[in-house]
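**Q** Quick one: sequence plus predicted model below, questions after.
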Amino acid sequence: MTETAIETNGLVKVFGDNRAVDGLDLTVPAGAVFGVLGPNGAGKTTAVRMLATLLRPDGGAARVFGHDVVAEADAVRSLVGLTGQYASLDEDMTGRENLILIGRLLGFRTPAARVRADELLEAFGLTAAAERQVKNYSGGMRRRLDISATLLNTPRLLFLDEPTTGLDPRSRNQVWDIVRAVVSYGTTVLLTTQYLDEADQLAARIGVIDHGKLIAEGTPGELKSSVGAGTVHVRLRDPAQRADAEKLLSAALGATATPDPDPRRVVIRVPGHGTEHGAAEDAARALSELAVAGIVVDDFSLGQPSLDEVFLALTDHPATQPATEKEAAA
Amino acid sequence: MTATTTETAEQVYVPAAETIGAVLDPRERPARPSALSASLTFGWRAVLKIKHVPEQLFDVTAFPIMMTLMFTYLFGGALAGSTGEYLQFLLPGIMVQSVVMTTMYSGLAVNIDIAKGVFDRFKSLPIWRPAALVGNLLGDVLRYVLASLVITVVGLILGFRPAGGVAGVAAGIGLLVVFSFAFSWIWTMCGLYLRSEKSVMGVSMLVLFPLTFLSNIFVDPSTMPGWLQAFVEVNPITRLVAAVRSLMNGTPDMGELTWVFVATAALLAVFGPLTMRAYNRK
């Protein structure tokens, strides 16, 4: 039996007349990455801030490794680390000073805090920038320093709130590698994201949140098969063959094509069929039927369902953006 | 935004699982720091920030010099017959005004820190909760001492000759700094409640201007109309100035001193908890 890292029961947080988190029931097993997927304003940040003891819940209960986030806040604080959407670093201080400050606040004596700071700077590739003020760091460096500050106390549970939002692709990949490394050494990670792709890459389980409630939960495979495994984009050489191609693909995949303005393109969802065979197999079989029928395909791709498609499938409405999360986070 | 450092000039960082694993190796966690140690660490941060942004000392150096010069020469001849005479009366008062005015920067600093998100990190640490605020105020105490010393030096150059000597002046500065530390909690609380640094500035100006000008700093209250005298008499700044003057003149007034100590304790007892309540709810 695996240990439970987080358990919430009917967690509620209200800002004015906005129920940012509205009865959230979540169970996060220890030792893996748990992805919380949802659009802006779904309540992800608010939920994370309550779990990290930064916000007091208005209702319900939450326990982190068995400790109540309100009654045993200090015990929770010593077990968790939070890296928020906005870097919580002191911009005027150098990277090294930031880490020494946190180290001393965690109870390290100054020499030990220095040693620890240097180790972390080294591990996160920031040694060369150690003596520079953080305001001169790039977005990726800032995020790495932020994560390293959070890891200073070797937390058992790491909260990463949209860790790759606003980062360039290379920095994003670095953060992904860091998350994988951290979790492989036994730390539990709760990661919020707006990208199904990111949750799919990193998370062992994913919870989908909408309007402050959990609307779906499972492994990435389970989630995708409930949503549809992906979307096939096919580009034909001859637009005249489009109708035939649509007919063949619909029959092979058991789904209707999505209308597309490009006369040479066919876009069609691949429905999930559980776990017995993958979306790529289904797509390949369908494509071979096109070849048999003599329809020339110049290009094709199999894309993951987007967050919008996930939401359409789960809630019958697209991922709306009420733009309240930012205020809620303040 | 200032120039952004890119990594192109450096080696591209590739995260290595082993090195990250090594720093995650669970070693013995240090004991939670004491309240004093955590507060002093935040005080160290305040000092470091002064080192990195020395411009922020402008308000405790240039501003007090300007105030002292301006009011000594503006009012000296008219009010006391000579600037030298007036300075003996004015200097302790202008020192109180300058330092008390400076207290509002405590509120500004807290407000800016919160806007930048760095407090999220501090609040998620298992430390004595008020440490971040107390530490900021310890840094501010350093600024109050600096401002007081700057004014003392300017005064001595201009001809201020306090009868209380070094001990009297030091005692006066000490009293002023202790009171200002307590007084700063009001602005720290405002910094937590108000939305922007501009509103913190606005509110503190609205309070500090009448409080410092409608006092015994510039003129003897007996020349004022009765209703104004009544206000000046109950104004805590009047009591503080009287106490500081008495110390610097070498004739400590026990009544005024007691009043200031009681006011200091009351400010801490009221605004300390109120501020912490705001801090915990943020």
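**A** Cool, got the structure.
**Q** give me the number of residues near residue 30?
**A** Just going to use chain A. 16 (other Cβ atoms under 10 Å in any protein chain shown). C-beta coordinates here come from the backbone N, C-alpha and C atoms, glycine included.
**Q** Sorry, I should have been clearer: chain B.
**A** For B:Pro30, the neighbour count with other Cβ under 10 Å is 16.
**Q** pretty sure it contacts A:Thr110?
**A** No: assessed by Cβ atoms under 8 Å, B:Pro30 is found out of contact with A:Thr110, at 11.6 Å.
**Q** and the residue nearest to A:Gly186 when sequence neighbours are not counted, how far is that from B:Leu36?
**A** Closest residue in space to A:Gly186, ignoring its immediate chain neighbours: A:Gly31 at 6.3 Å, by Cβ to Cβ, 6 or more residues apart in numbering or on different chains. Using Cβ to Cβ, to the nearest Å, A:Gly31 is found at 38 Å from B:Leu36.
**Q** Please say which of the two ends up with more neighbours.
**A** With neighbours defined as other Cβ under 10 Å, A:Gly31 and B:Leu36 compare such that A:Gly31 has more, 14 against 11.
**Q** wait, doesn't the more buried one sit right on A:Glu3?
**A** Yes: counting by Cβ under 8 Å, A:Glu3 is a contact partner of A:Gly31 at 7.3 Å.
**Q** Report the separation between the residue nearest the centre of chain A and chain B.
**A** Nearest residue to the geometric centre of chain A (Cα atoms, centre = their mean): A:Thr193, 3.0 Å. Using Cβ to the nearest Cβ, to the nearest Å, A:Thr193 is found at 18 Å from chain B.
**Q** mind listing what that residue touches?
**A** For A:Thr193, the contact set (Cβ atoms under 8 Å, 6 or more residues apart in numbering or on different chains) comprises A:Gly35, A:Val36, A:Leu37, A:Glu162, A:Pro163, A:Thr164, A:Ala199.
**Q** do that again at 7 Å, thanks
**A** A:Gly35, A:Leu37, A:Glu162, A:Ala199 (Cβ atoms under 7 Å, 6 or more residues apart in numbering or on different chains).
**Q** CA atoms only for stretch B:56-75, dumped as PDB, please.
**A** Extracted in PDB, the C-alpha atoms of stretch B:56-75 (Å, rounded to 0.1, in the frame of the first residue of the first chain):
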ATOM      1  CA  GLN B  56      17.600  54.000  -0.500                       C
ATOM      2  CA  LEU B  57      19.700  55.800   2.200                       C
ATOM      3  CA  PHE B  58      18.900  59.100   0.500                       C
ATOM      4  CA  ASP B  59      15.900  59.600   2.700                       C
ATOM      5  CA  VAL B  60      17.900  59.200   5.900                       C
ATOM      6  CA  THR B  61      20.800  61.400   4.800                       C
ATOM      7  CA  ALA B  62      19.900  64.100   2.400                       C
ATOM      8  CA  PHE B  63      16.400  64.700   3.600                       C
ATOM      9  CA  PRO B  64      17.300  65.300   7.300                       C
ATOM     10  CA  ILE B  65      20.100  67.700   6.300                       C
ATOM     11  CA  MET B  66      17.700  69.600   4.100                       C
ATOM     12  CA  MET B  67      15.100  69.800   6.900                       C
ATOM     13  CA  THR B  68      17.600  71.000   9.500                       C
ATOM     14  CA  LEU B  69      19.100  73.700   7.200                       C
ATOM     15  CA  MET B  70      15.800  74.900   5.900                       C
ATOM     16  CA  PHE B  71      14.000  75.400   9.100                       C
ATOM     17  CA  THR B  72      17.000  76.700  11.100                       C
ATOM     18  CA  TYR B  73      17.500  79.500   8.600                       C
ATOM     19  CA  LEU B  74      13.800  80.100   7.700                       C
ATOM     20  CA  PHE B  75      12.500  80.500  11.300                       C
END
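**Q** low-confidence ranges in chain B?
**A** B:1-11, B:26-28, B:282 (pLDDT under 70).
**Q** Taking it, what residue is nearest to chain A?
**A** B:Tyr13 (3.0 Å; Cβ to the nearest Cβ).
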